[in-house]
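Q: predicted coordinates and the sequence they were generated for:
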Amino acid sequence: MTAPLMTPEDVTAHFTRANGDFTFARWGRPIVPVVFGVEDATLEVVKGAVEAVVMLAGHKMAETDPELGANLMVFFFRDWDELLDVPKLDEMIPGLVSLVARLKAESATQYRAFRFDDDNAIQACFTFVCMQGAMAEQPADTIALTQAVQAVLVWGDGAFSTNSPLALLPDGQTILRPEIAGLIGASYDPVLPAAANDPAHALRLFARMQVQAAQDQTQH
């Protein structure tokens, strides 16, 4: 399947915050996931989704992070208040009490908090998924793949507000939309910096997506 090419404006929009700032960051170290609040079968689904997205990006996973042990922490729960009972979480997430209150007031179903290293690359990601309402109705593989995509890069606030990063095939299989897969692959091109605040970075991503799409067509 050939990825529909995004326009440069589309690429820029995926990394633009609500205040208009362009912010791009990818992981600067191997990803080590740990998942809380699910049964073993779902745990394998989540870790499998992370592995698939990391492989797509051309990035690496590891058994342990030398500083943090695990650096991609995914929490599943049914009520935001449950986070207040997680030991030492308030040390890792400053202002946890006020954050939980805000997310409850917004009826949010997910939230991510990133940490960055000295190069502004992603050092850690805390992903919180509240299994209420529509979120609780989604299949585990859909939730897992969506969360893996949203943790592999720092996306703009509205990147997936109107369009899911996933697509449903006629046979019922859920896949990553080809253009999003292409954008993730381009984002991890080793020639590009791990972080950027200049919108011109979107043009470099766009150029690499074009090259990759051309190579895919040649191979087919």
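A: On my side now, so go ahead.

Q: packing partners of the longest helix along the chain?
A: Taking DSSP state H as the criterion, the chain has its longest helix at helix 200-219. Contacts defined by 3 or more CB pairs under 8 Å, 6 or more residues apart in numbering; DSSP states H and E place helix 200-219 against helix 8-13, strand 24-25, helix 178-187. Bear in mind the C-beta positions are built from the backbone N, C-alpha and C, glycine included.

Q: that one to helix 178-187, inter-axis angle?
A: 110 degrees (axes from the mean of the first three to the mean of the last three CA atoms, to 10 degrees).

Q: flag every buried residue along helix 200-219.
A: For helix 200-219, burial by neighbour count (16 or more other CB atoms under 10 Å) applies to 201-202, 204-206, 208-209, 212-213.

Q: could you do stretch 7-23 as well?
A: For stretch 7-23, burial by neighbour count (16+ other CB under 10 Å) applies to 8, 11-12, 14-16, 22-23.

Q: same deal with stretch 115-126?
A: 117, 120-126.

Q: what's the closest non-adjacent residue to the most centrally placed residue in the chain?
A: The centroid of the chain falls nearest to Gln150 when counting by CA atoms, centre = their mean (1.8 Å). Distance criterion CB to CB, 6 or more residues apart in numbering; nearest residue to Gln150, sequence neighbours excluded, is Arg112 at 6.3 Å.

Q: again with Ala18
A: Once flanking residues are discounted, Ala18 sits nearest to Asp157: 4.4 Å by CB to CB, 6+ apart.

Q: the bottom helix or strand of the protein by mean pLDDT?
A: None of the helices or strands of the chain scores lower by mean pLDDT, DSSP states H and E than helix 200-219, at a mean of 88.

Q: contacting residues around it?
A: For helix 200-219, contacts defined as CB atoms under 8 Å, 6 or more residues apart in numbering pick out 2-3, 5-8, 11-12, 15, 22, 24, 179, 182-183, 185-187, 189, 192-193.

Q: if we can go back for a sec, in the buried residues of stretch 115-126, find the pair that's most separated.
A: Asn120 and Phe126 (17.6 Å; CB to CB).

Q: so what's Val11 up against?
A: Neighbouring residues of Val11 by CB under 8 Å, 6+ apart: 183, 202-203, 205-206, 209.

Q: no wait, Pro139
A: Taking CB under 8 Å, 6+ apart, one finds Thr174 in contact with Pro139.

Q: ok, now Asp157?
A: With CB under 8 Å, 6+ apart, Asp157 has these contacts: 16-18.

Q: which single one of the buried residues of helix 200-219 is nearest to Ile31?
A: Taking CB to CB as the measure, Ile31 lies nearest Leu205 of those, at 20.2 Å.

Q: so which elements touch the longest strand seen in the chain?
A: What stands out as the longest strand in the chain, according to DSSP state E, is strand 122-130. For strand 122-130, the packing partners by 3+ CB pairs under 8 Å, 6+ apart come out as strand 72-77, strand 110-116, helix 140-152.
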